[in-house]
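K.L.:
kindly return the folded structure for what I paste below:
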Amino acid sequence: MQRLRALVASQRRLLADYASAISGSAGRLVFSLAYFMALANTLPIAEFGLFATASAAGVMLSRILSFGFISALYRTATVRPKLIGTYTAGFLLLAAASLPFLALGSGITYALFFSREMAFLPFALIIVAEALLWRPVEVVIIVNNGQAKFGRAAFLVILGTALRALAAVIFVLTPYSGLGVWIWFYLAANAASLLIAVIFYYPRQRLRLHPALYWRRLVDSIYVAGAEMLFYIQAELDKLLVLSLGGAHLAGIYAIIMRLVDLTALPIRAFSMMLVQKLMRAPQLLARSKVKIALETGVFAVSTLALLTLAIMLWFVPNLLGNTVAEVTPFIALAMLIPGLRNLVEYQNELLFARGLTLLRVGNLALLTILKGGMLWLLLTLFTDPQPIIIWLNAVFVVLYLTSALITYSAMRRPARKI
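P.N.:
Down below sits the predicted model:
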């Protein structure tokens with residue numbers, strides 16, 4: 001007992017910071033669930049699938065913004081906060097320069113995956129909401145986290161999700177319906193989040209352009225942007241392929257299941273973010289194998305327990321999340337291994353970033369993307385029913401996890417790069 005008290009006393013600041021960070025995840029979880037319930041039970045399954053898939057594409061494409069310079073801004077906020085104004089000016093400059101590339105990437109994505117299922121304007125508006133409105137909000141959150149202002153960052157996370165949930169509730173109460181109408185509510189919610197974040201929560205520093213600093217960081221930032229795009233491609237590729245090969249209705253069923261899986265990652269991301277900061281300052285933290293195993297076991301256990309709890313609740317009360325979600329309830333238990341394995345791949349990706357192994361991170365994610373795309377394409381050509389697809393998707397994530405673990409922990413035997 002005395003040892004436990006001593007440990008708690010020595011780590012009191014860390015525990016307080018984690019409590020602040022996890023409060024954002026907890027609040028986001030509550031409002032995400034409300035948002036999900038309102039939207040999934042209002043839009044038809046096919047339209048929900050289109051929105052969820054286009055939104056996932058928007059999150060992926062948003063990583064083009066500023067060519068990944070957000071990573072340099074985060075490192076600056078973490079270790080050299082007096083230069084935030086200088087690096088913010090660089091972010092704005094590179095964000096403007098990246099817009100043609102963002103537009104090109106959006107056009108290619110639309111042509112490949114969405115042209116047969118939805119008009120271009122709704123798709124473009126969703127990309128604007130994700131890349132030009134919500135991604136800058138994430139920048140404000142990232143900078144606050146870098147400065148260890150976890151409570152402020154947590155509030156912004158909650159606020160953004162709450163505004164989306166409010167928009168969904170208002171949408172439900174209006175006489176209007178359909179994806180074309182919902183998109184305008186979604187844009188308004190993201191725009192409100194951005195205004196509040198920039199006006200009240202971004203550090204007040206004078207913007208100073210210093211191009212020489214930016215060019216030194218730009219190559220590494222592009223690696224980070226590439227890595228993040230590849231991460232989201234391999235994370236969201238399943239939705240795009242299901243839409244392309246299976247149609248909007250199957251994409252809707254799949255999107256509902258994977259949205260519930262996504263909710264299990266919220267508490268894990270707060271933990272990963274704080275661990276990354278500690279690794280930046282103390283790279284030797286994961287030198288012992290017992291620590292690595294304990295952390296991975298914890299991530300897997302928390303993720304699996306979260307989905308198991310939800311599956312049990314829906315088994316006894318199928319309409320708990322609404323009648324539309326009830327149609328998908330029988331498939332949720334089939335995805336039991338996916339949350340833990342998916343969150344572990346994301347966690348290992350963050351470890352490579354913390355060690356400054358950005359080029360290896362890109363290579364790792366590229367390999368995972370190829371593996372996932374190939375295996376999922378095979379599943380979707382062999383099966384059309386959701387049940388076998390979900391069952392075999394567990395095996396796909398086992399392969400992805402083992403590949404990522406081998407690359408990550410082999411690389412972490414090397415000395416950490418100075419950043």
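K.L.:
can we go C-alpha only for contacts and neighbour counts from here?
P.N.:
OK.
K.L.:
now do stretch 138-154: distance from first to last residue.
P.N.:
Start-to-end span of stretch 138-154 (Cα to Cα, to the nearest Å) is 11 Å.
K.L.:
so which bits of stretch 353-370 are buried?
P.N.:
By 16 or more other Cα atoms under 10 Å, the buried positions in stretch 353-370 come out as 353-369.
K.L.:
now that stretch: how far from the chain's centre is it?
P.N.:
How far stretch 353-370 lies from its chain's middle: 16 Å, per Cα atoms, centre = their mean, to the nearest Å.
K.L.:
any idea of the mean pLDDT for it?
P.N.:
Averaged across stretch 353-370, pLDDT comes to 82.
K.L.:
now swap in stretch 31-42 and tell me
P.N.:
Stretch 31-42 comes out at a mean pLDDT of 85.
K.L.:
repeat for stretch 93-104
P.N.:
93.
K.L.:
other residues contacting it?
P.N.:
61, 62, 64, 65, 66, 67, 69 (Cα atoms under 8 Å, 6 or more residues apart in numbering).
K.L.:
can I get those in TSV including neighbour count, distance to residue 263 and pLDDT?
P.N.:
Formatted as TSV, the contacts of stretch 93-104 follow (neighbours: other Cα atoms under 10 Å; distance: Cα to Cα, whole Å; pLDDT from 0 to 100):
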residue	neighbour count	distance to residue 263	pLDDT
61	24	21	93
62	28	21	93
64	24	25	90
65	25	25	91
66	24	28	88
67	26	28	83
69	28	27	83
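K.L.:
just those: which are in helices?
P.N.:
residue 61 (DSSP state H).
K.L.:
which one of the contacts of stretch 93-104 is nearest residue 255?
P.N.:
residue 61 (18.5 Å; Cα to Cα).
K.L.:
the stretch 101-250 of the chain: strands as residue ranges?
P.N.:
Using DSSP state E, counting those that start in this stretch, the stretch 101-250 of the chain contains no strands.
K.L.:
now the helices for the stretch 1-150 of the chain?
P.N.:
In the stretch 1-150 of the chain, the helices defined using DSSP state H, counting those that start in this stretch lie at 2-10, 12-40, 45-61, 70-79, 84-109, 120-127, 135-146, 150-173.
K.L.:
same deal with the stretch 251-400 of the chain?
P.N.:
Using DSSP H, counting those that start in this stretch, helices in the stretch 251-400 of the chain cover 266-281, 289-316, 323-326, 329-332, 338-354, 358-382, 386-411.
K.L.:
can you lay out these as a markdown table showing distance to residue 29?
P.N.:
Converted to a markdown table, the helices of the stretch 251-400 of the chain look like this (distance: least, Cα to Cα, whole Å):
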| stretch | distance to residue 29 |
| --- | --- |
| helix 266-281 | 7 |
| helix 289-316 | 11 |
| helix 323-326 | 17 |
| helix 329-332 | 18 |
| helix 338-354 | 15 |
| helix 358-382 | 27 |
| helix 386-411 | 24 |
